[in-house]
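1. Turn this into a structure:
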Amino acid sequence: MRKRAAVLCGAAIVVAGTFTAVPADAGTPQSAPTAFAARPTWKKCGTADYPTLQCASLKVPLDHAHPRGRQITLALSRVPHTAKKYQGPLLVNPGGPGGSGLTFAGFIASGLPKAVAAQYDVIGFDPRGVGKSKPALNCKPGYFNPVRPDSVPSTPAIEKANLERVKSFAAACGRKYASVLPYINTISAVQDMDSIRRALGAKRINYFGYSYGTYLGAVYAKLFPHQVRRLVLDSIVDPTGVWYDDNLGQDYAFNDRHRALMAWIAKYDATYKLGTDPEKIEAKWYAMRAALAKKPADGKVGASELEDTFIPGGYYNGYWPYLAEAFAAYVNGKNADPLVDVYEDFGAVDASGDNGYSIYTSVQCRDASWPRDWRQWQKDNWAVYEKAPFMAWSNAWYNAPCAFWPTGSLKPVNIANGKLPPVLLFQATNDAATPYEGGATVHRLLAGSSLVVEEGGGNHGITLSGNTCLDKYLATYLTDGRVPRGGGEADAVCKALPDPKPLTAKAASTSSRGAALHRYLGARG
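-> Numbers count the residues shown, from 1 in each chain. You can find the predicted model right below:
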C-alpha cells in the first residue's frame, strides 16, 4: 500500500502454478449466472452513534467461476436515503485488507453534508472472511500477544524465533482454511461487490474507498467499468508495486513520519523536556527501545510492542501528544505506566485485529507473487534498515508469512482505464502508509481523473476528518459529479491542517472525527 521501493530482484523463487487473475484484456467477467440473487432483507441495527443503520446478509459464491457451487455470506449495512432525489447506492470501504465496513457506513453518512448523504443509500460491507461475514477467518488467535521477539534480527536466534512465528502462522492458515484461501483475494472481493450491486437492483454503483479500499475500487472499475457511476479514492495504493515493493517503499515514508514526530516533540521542550534537537530526541527513542528489549514494561511492552505503539503515529498525527507524553514519562521519570496505556490503546491486537490480520495476509499473499527465498528478504530489508530503521523489520515480519504461504499467487491487475466517468482522487504529500507517488500514478492511469492534493499533510485518510477544503471537493462531486480541473500533476491543492498541540485538560480526548476515521483505517491501513 505504498511506494518508493527498490526493484524486486529476480533471485526470488516464485511458487509453482501461478494463475492469471483476469484475461489479458481485463474485460468484464461474465456475471449473469448469479443475477437471480435475492434482494437483501434489511433490519434495524442502529448504534448510539449511528441510529439509522440497517443490516442484511447476502449469499455469494466462494468461487465466482462456479456460481452454483459453495456459497459464503457477506454482512451488509445501510444508511438509507431520505431525499426525493436518489443517486443510488454508495459502497464504502475503510481499507485493510481486512477492515470491517459495517458501522463505517454510518461514519461516512454522518460525515457528509446532510443534503448530500440523504441522496444515497450508503452501503457498508464486511468483505469475504471479515468480521460478521461467514466464514470469518482467524488463523492463529493471539498471534500478536506480548512479548514477541525483537523485530530486528540482530542474532541468528532472534531471526530463527521470528521465522518460526511467521511459518507457524502461514501453516495454521493452510490447515484451518485450505478450501477457502484460494478465494480470499482482491479479485474475488471485487466480484462480490458486483454481486452486491445486482442484489441492490442497481445498474451502476458509486464507490468511496480509503487506503487498500482505493485498490479495491480501482480493480472494480477495471473489471466492471460500465457499472461505475462515481468513484472516490482517498490515500491511494500504488498499483504498480503490489505488494512486496509497496511494503518496502512504505518503510522509508514511515521513517520520515517518525522523524517528523521527533521534530514536533522538539518544538515543545517546555512540555516534554526531551530536548530541542530532533536527532538527539530520536536517539533517546532508540535507547528506550533497547531498554525495553531487555526489560519489557509491565511484561507487555518490549521492542516489538513499542513499534506497534508508535507506528499508528505515522498514520495520524492526532496520536502524537499521547505518544510524546508516554515517551517523556519513561525517559524522564522512569515511569512505564503511560507507555503501557498507549500500547493498549494504539498497539494491542484484539480478536477483531486477529481476524483483520488473517485477511490482510490472505489477500496480499494471494494477490501477487512474493519472494520465496528468505535470503531475498534479508538482503532487501537490511538495505532498508540501514537508511530507515524505524519500521523496516517490523513491517518485514508483518508480511513475512507471504514467503511461506500455502497457496499459489495471482497476477496483479493493470488498473489503467479509459472507460470511466470522472474520478476524484485525494492524496496527502507526506502520507506514509500510501506515499504520494501512488496518488500521482493512479491519476495518470485513470484517464479523466482529478487529483486533489493536501499540501504538507502527513495523515493517512484525509477527507471527512476536519479539512473543509478537501471536504468541499468531495461534497461537490457527490452532489453533481463535478471535479476540479487544473493543468499540472494536481488539479487542486488544499493546505494541510496544523499539527496538534500538546494535551491540555480540555484537549485530552481522541473523540475527533480524525481519530474516529483512523480507528476504522487501523494501524496498517
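2. what ranges do the strands span in this structure?
-> With DSSP state E as the criterion, the chain has strands at 43-44, 54-61, 71-79, 89-93, 121-126, 205-211, 228-236, 423-428, 450-455, 492-495.
3. Show me the shaky parts of the stretch 201-350 of the chain.
-> By pLDDT under 70, the stretch 201-350 of the chain has no low-scoring segment.
4. ok so, going back, would you format the strands of the chain as a markdown table with distance to residue 473 and mean neighbour count included?
-> Yep, even glycine has a C-beta here, placed from its N, CA and C like the rest. Output for the strands of the chain, formatted as a markdown table (distance: least, Cβ to Cβ, whole Å; neighbours: other Cβ atoms under 10 Å):
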| stretch | distance to residue 473 | mean neighbour count |
| --- | --- | --- |
| strand 43-44 | 33 | 9 |
| strand 54-61 | 29 | 19 |
| strand 71-79 | 22 | 22 |
| strand 89-93 | 16 | 27 |
| strand 121-126 | 19 | 26 |
| strand 205-211 | 13 | 27 |
| strand 228-236 | 10 | 26 |
| strand 423-428 | 7 | 26 |
| strand 450-455 | 5 | 23 |
| strand 492-495 | 6 | 17 |
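5. With respect to residue 394, which of those lies nearest?
-> strand 205-211 (18.2 Å; Cβ to Cβ).
6. elements contacting that closest one?
-> strand 89-93, helix 186-199, helix 212-223, strand 228-236, helix 513-521 (3 or more Cβ pairs under 8 Å, 6 or more residues apart in numbering; DSSP states H and E).
7. who's in contact with it?
-> Outside strand 205-211, the residues that touch it by Cβ atoms under 8 Å, 6 or more residues apart in numbering are 1, 87-96, 99, 108, 120, 193, 196-197, 216-217, 220-221, 227-235, 237, 433-434, 460-461, 478, 517, 520-521, 525.
8. Identify whichever of the strands of the chain lies nearest to residue 166.
-> Across the strands of the chain, residue 166 has its closest neighbour in strand 205-211 (23.1 Å, Cβ to Cβ).
9. The closest one pairs with which strands?
-> strand 89-93 (parallel), strand 228-236 (parallel) (DSSP bridges).
10. Quick one: those as a markdown table, columns for distance to residue 46 too.
-> Formatted as a markdown table, the strands paired with strand 205-211 follow (distance: least, Cβ to Cβ, whole Å):
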| stretch | distance to residue 46 |
| --- | --- |
| strand 89-93 | 17 |
| strand 228-236 | 25 |
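11. Residue 117 reaches residue 109, doesn't it?
-> Yes: assessed by Cβ atoms under 8 Å, residue 117 is found in contact with residue 109 at 4.5 Å.
12. Find residues that contact each of these two.
-> Residues touching both residue 117 and residue 109 by Cβ under 8 Å, 6+ apart: residue 79.
13. More neighbours: these two, which one.
-> Set residue 117 next to residue 109 and count neighbours by other Cβ atoms under 10 Å: residue 109 wins out with 25 against 21.
14. isn't that one right next to residue 121, touching?
-> No: contact status for residue 109 versus residue 121: not in contact, 9.4 Å apart, counting by Cβ under 8 Å.
15. Quick check: neighbours shared by these two?
-> residue 79.
16. lowest-confidence helix or strand of the chain?
-> helix 513-521 (a mean of 91; mean pLDDT, DSSP states H and E).
17. other SSEs contacting it?
-> Other elements packing on helix 513-521 under the criterion 3+ Cβ pairs under 8 Å, 6+ apart are helix 104-111, strand 205-211, helix 303-315.
18. Deepest-packed of these, please.
-> Stretch with highest mean neighbour count among those: strand 205-211 (a mean of 27; mean count of other Cβ atoms under 10 Å).
19. now that strand against helix 303-315, angle please.
-> For strand 205-211 against helix 303-315, the angle by axes from the mean of the first three to the mean of the last three Cα atoms, to 10 degrees is 130 degrees.
20. For residue 485, give me its contacts.
-> By Cβ under 8 Å, 6+ apart, residue 485 lies in contact with 450, 491.
21. That one and residue 422, how far apart?
-> The span separating residue 485 from residue 422 equals 9 Å under the rule Cβ to Cβ, to the nearest Å.
22. list the residues that contact both of these two?
-> Counting by Cβ under 8 Å, 6+ apart, the shared contacts of residue 485 and residue 422 are residue 450.
23. about what we covered before: out of the strands of the chain, nearest to residue 264?
-> Nearest to residue 264, of all these, is strand 423-428, at 16.3 Å by Cβ to Cβ.
24. if we can go back for a sec, for my notes, please list the helices and strands packed on helix 513-521 in JSON lines and give distance to residue 146 for each entry.
-> Listed next are those as JSON lines, based on distance: least, Cβ to Cβ, whole Å:
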{"stretch": "helix 104-111", "distance to residue 146": "28"}
{"stretch": "strand 205-211", "distance to residue 146": "26"}
{"stretch": "helix 303-315", "distance to residue 146": "5"}
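25. which stretch among these comes nearest residue 62?
-> Shortest distance between residue 62 and those, using Cβ to Cβ, is found for strand 205-211: 22.3 Å.
26. Could I have the CA atoms of that closest one written out in CSV?
-> Provided in CSV are the C-alpha atoms of strand 205-211 (Å, rounded to 0.1, in the frame of the first residue of the first chain):
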residue,chain,number,x,y,z
ILE,A,205,-22.7,1.9,-8.2
ASN,A,206,-21.0,4.8,-6.5
TYR,A,207,-17.9,3.9,-4.5
PHE,A,208,-15.8,5.6,-1.8
GLY,A,209,-12.7,3.8,-0.5
TYR,A,210,-9.7,4.6,1.6
SER,A,211,-6.2,3.1,1.6
